[in-house]
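Undergrad: build me a structure from this.
(one chain, ligands or ions: 1)
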Amino acid sequence: MRSETPSFAARFLRHRLPRVCVALFAPTPAELMEKIEAAANENSLLELRLDYLAQPAQILPKLKQFAEFHRDIVLVGTCRRTVAGGKFRGSAASQYEFLLKLAHAGCQLVDIEVETAKSLKNREIEKLRQVAGVIVSYHDFRATKKLDEIWEEMRQIPADYLKVVSTAKSLSDNVKMLRLLEQRSDAVSTVGVCMGEAGIISRILNVRSGSEFTFASAQRGEETAPGQIAARVLRDVYRIDMVDAATKVYGVAGDPIGHSLSPQMMNTAFRRENINAVYVPLQTHDVKDLLNCVREIPIQGLSITMPLKEKILEQLDKTDAISAKVGACNTLIRSQDGKLYGFNTDVAGVVRPLEQRVALTGARILVIGAGGAARAAVFGLKERHAEVWVMNRTAEKGQKLARQAHAHYVSRPQLKKLEFDVIINATPVGMNSSRPQSPLEESELRARFVFDMVYNPIDTRLLKMARVKGLQVIAGTEMFVHQGARQFEIWTGKPAPVEEMHRAVLHAMGHTPNMLMREPAPALEARRM
Ligand code: ATR
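TA: Next up is the predicted model:
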C-alpha cells in the first residue's frame, strides 16, 4: 500500500511549489548548467532531464554547488529510461542509484517512471523519500485511456506526487484528464497533462482542475514534450498564476490555430477588465468533438475560425439574423442553461472601423471577394444602408452575392467608370506571400479610403499603393480587433478595451503600437467623388 504520509521534503515543498515547472535539457553538463542558471532567473521550479546527458553523473558536483547557492529554486531530477520514452539506457537499479545521488546533490524532488517504481521495493522508495519528494510518473505516447485505472495502480506506490501524462488525439481527451484531476487530486497530489497539439488546453486548464503544477518549456523551440508552451507565455498570456476553479474558460477553435493572435488579444482584454477568465486555443476541425468540450469543461464562449464557421451553424440552438444571412458564424456563447447561441461579429469588424470615419448611409463601397469575409462585409454594410458593389474573380459567385444582398455587381473592366468612398479587400490576396500582391492596380484605386482585411503583413501592397496615392488606409488589424471586441461584449456584457486589444495584437506581430494606430479620421459625410 502507498504511504499516506508525505515525505518530509514533500510536506515542506507543497506550500511553496509554483504553478509552472520548466523542463530543461541539454547535450552536455556545461550547457545544462547554463540553462539552469538562465531559467532560474525567472522560474523557481525546474525539471532537469538528465537522461539527455551522455554521462549524467558528471553533472553532480556542479548541481550540488548550484543547489547550495539557490535554496529558493526547487530542482526536479529526472533521468527517464528508454522504456518510458526517455534516453537513459541503464537498468532500473542504476537509475535508482542515480536518483538517490541527485537527491543528495540537492534535487528536492525526483521523478521515477511507474515502470521503474514497480520494480523497486517500497523500502527503497521510502529511502529515497527521506531525502527528496518522489514523483511517480506514467506516460502514454499514443492515447488517453484508462486514466482512473492507471491512477489507482500508481496510488499503491508510496509517492508524494502522481504524474499522469497521456497523448490527446481529440479535444475530448482533455476532458478525461481534467476529470481525473478533479476527482483524484484531493486524495493524492497529482499532476496531469495531455501531450500533443490537441492537448494544449490541458496544459493551461489542468491547474484549474487540481493539478499541482503544469510543465512548460524554457522558450519556444525547447520543448521536451509535444504541445508544451513556453513558461513566459503561460504566465504573461494565459496568466497561469491566476487560473483557479472559478476561472471561466473561453477559446478560439479552428485548424490551424497555432499562429492565432486571438489568445494574446482576448487574454489582454480579460486582464484589463479584471475578469477571471482564460482564453485558450482549441485545434480541431471536428465540430462534435469541440461541442463536447464546450459542454463538459464547460467553455463559456468561443471564437470560431476556419474551417468551422459554416458547419457549426447547424449544431447551434439559435443564431442571430446576420449569421443566417452570411451563412457563417464566428462567435458562440453558452447560456446558463447550456444552450448554444451563434453570432457573426465579422460584421462589426467591418462596420465599426468604417463608421468611425465615414457616415455609412448612402456611402459608396466596393467589396472585392465573395467568400465568407466578403459576405459579412456586404450584408453588414447593406444593413447600414450603404450602397454596395461586389467584384469577384469568379463572376457567378459575386453576382449571386450581389443578388442575395440587393447590392450591385461590377466587373473589373467596369471599375474605371466608378468612384467609391471605400474599397474593401475581402480576398486573401496580399497575404503573407514572398511576392507581395494586390487585388487592384494603383489606377483602379478610385476611392477615399482603402480597407484591407488582410492583416498579415499589416502593411500590404494594396495599402502601400493607396498611401502613395494619398488615400486613407484602414489596416486589417482593425477588423481583427473589432470583431474580437464585439465577441468580448457578447460574452461579458461589458465594453471591450479596444485600444489595449489593438496594442496587444500589434505587439504580438512585432510592430510598435503607434505605427498604424493613427487617430481615426473625423467622421466624414459620405459623398460621391
Ligand atoms: P473567406 O472566408 O476568408 O472569405 P473564402 O470563402 O475562401 O475565404 O473566399 C475567398 C474569396 O477570395 C473568394 O471570393 C475568392 O474568389 P473566387 O470566388 O473566385 O474563388 C477570392 N480569392 C481568393 N484568391 C484569389 C485570388 N488569387 N485572386 C482573386 N480573388 C481571390
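
Undergrad: where does this protein have low pLDDT?
TA: 1-5, 8-15, 512-529 (pLDDT under 70).

Undergrad: contact residues of it facing the ligand?
TA: Selection of the chain residues close to the ligand by C-beta under 6 Å from any ligand atom yields 369-374, 392-394, 397, 426-429, 439. The way it works is simple: take the backbone N, C-alpha and C, and place the C-beta from them, glycine included.

Undergrad: looking at the residues you listed, which are in strands?
TA: Using DSSP state E, no member of the residues of the chain next to the ligand falls within strands.

Undergrad: find the pair from the residues you listed with maximum spatial separation.
TA: Using C-beta to C-beta, those span at most 16.4 Å, a distance reached by 372 and 439.

Undergrad: how about the strands of the stretch 251-400 of the chain, start to end?
TA: 277-283, 301-304, 318-319, 331-334, 340-343, 364-368, 387-391 (DSSP state E, counting those that start in this stretch).

Undergrad: the first one packs against which elements?
TA: The one in question is strand 277-283. helix 200-205, strand 248-254, helix 262-272 (3 or more C-beta pairs under 8 Å, 6 or more residues apart in numbering; DSSP states H and E).

Undergrad: cool, and the third one?
TA: The elements that strand 318-319 packs onto, with contact taken as 3+ C-beta pairs under 8 Å, 6+ apart, are strand 340-343.

Undergrad: if we use 10 Å, what do you get?
TA: With contacts taken as 3 or more C-beta pairs under 10 Å, 6 or more residues apart in numbering; DSSP states H and E, strand 318-319 sits against helix 321-326, strand 340-343.

Undergrad: for residue 301, list the residues it contacts.
TA: 248-251, 266, 277, 279, 294, 331-334, 340-341, 343, 487-488, 490-492 (C-beta atoms under 10 Å, 6 or more residues apart in numbering).

Undergrad: please pick the buried ones from those.
TA: 248-251, 266, 277, 279, 294, 331-334, 340-341, 343, 487-488, 490-492 (16 or more other C-beta atoms under 10 Å).

Undergrad: ok, and the closest non-adjacent residue to residue 320?
TA: Leaving aside its chain neighbours, residue 320 sits nearest to residue 343 (4.9 Å; criterion: C-beta to C-beta, 6 or more residues apart in numbering).

Undergrad: surely that neighbour touches residue 333?
TA: Yes. Taking contacts as C-beta atoms under 10 Å, residue 343 lies within contact range of residue 333: 7.3 Å.

Undergrad: report the set of residues contacting both of these two.
TA: With C-beta under 10 Å, 6+ apart as the test, residue 343 and residue 333 both reach 301, 316, 487, 490, 491.

Undergrad: how many neighbours does the spatially closest residue to residue 442 that is not a sequence neighbour have?
TA: Using C-beta to C-beta, 6+ apart and skipping the chain neighbours, the partner closest in space to residue 442 is residue 465 (4.8 Å). Counted with other C-beta atoms under 10 Å, the neighbours of residue 465 add up to 19.

Undergrad: contacts only, for residue 312.
TA: Here residue 312 is in contact with 253, 287, 290-291, 302, 304, 319, 323, 328-330, 332, 340, 342 (C-beta under 10 Å, 6+ apart).

Undergrad: and if we set it to 7 Å?
TA: Residues in contact with residue 312 (C-beta atoms under 7 Å, 6 or more residues apart in numbering) are 287, 304, 329, 342.

Undergrad: for it, grab phi and psi.
TA: phi -80, psi -20 (degrees, to the nearest 10).

Undergrad: any idea how far residue 170 is from it?
TA: 17 Å (C-beta to C-beta, to the nearest Å).

Undergrad: now the element after the helix or strand encompassing residue 62, going C-ward?
TA: If you go by DSSP states H and E, residue 62 is part of helix 60-69. The C-terminal neighbour of helix 60-69 among helices and strands, as given by DSSP H and E, is strand 74-78.

Undergrad: check this structure for the residue nearest the ligand and tell me.
TA: Relative to the ligand, the nearest point of the chain is residue 371 (1.9 Å; C-beta to the nearest ligand atom).

Undergrad: give the contact list for residue 416.
TA: residue 444.

Undergrad: shouldn't it be within a strand?
TA: No. Using DSSP: H, G, I helix; E, B strand; the rest coil, the secondary structure at residue 416 is helix, not a strand.

Undergrad: ok, now which ones touch the residue nearest to residue 420 when sequence neighbours are not counted?
TA: Leaving aside its sequence neighbours, residue 420 sits nearest to residue 447 (C-beta to C-beta, 6+ apart; 4.1 Å). For residue 447, the contacting residues are 419, 420, 421, 422, 423, 471, by C-beta under 7 Å, 6+ apart.

Undergrad: so which of those is the closest to residue 241?
TA: residue 422 (44.4 Å).

Undergrad: quick one: buried residues of stretch 188-207?
TA: 188-196, 198-207.

Undergrad: what's the span of that stretch, first residue to last?
TA: 15 Å (C-alpha to C-alpha, to the nearest Å).

Undergrad: nearest to residue 161, out of the strands of the stretch 251-400 of the chain?
TA: strand 277-283 (23.8 Å).

Undergrad: run me through the strand neighbours of that closest one, direction for each.
TA: strand 248-254 (parallel) (DSSP bridges).

Undergrad: so the partner strand versus helix 262-272, what angle?
TA: In terms of direction (axes from the mean of the first three to the mean of the last three C-alpha atoms, to 10 degrees), strand 248-254 departs from helix 262-272 by 160 degrees.

Undergrad: and strand 248-254, how far out from the chain's middle?
TA: Centre-to-centre, strand 248-254 and its host chain are 8 Å apart (C-alpha atoms, centre = their mean, to the nearest Å).

Undergrad: which residues touch the residue nearest to residue 320?
TA: Residue 343 makes contact with 320, 323, 329, 331, 490 under the criterion C-beta under 7 Å, 6+ apart.

Undergrad: if we go to 10 Å?
TA: Here residue 343 is in contact with 301, 304, 316, 318-320, 322-323, 329-333, 486-487, 490-491 (C-beta under 10 Å, 6+ apart).

Undergrad: repeat for residue 111
TA: 47-49, 76-80, 84, 86, 99, 102, 117, 133-137, 159, 161, 163, 191.
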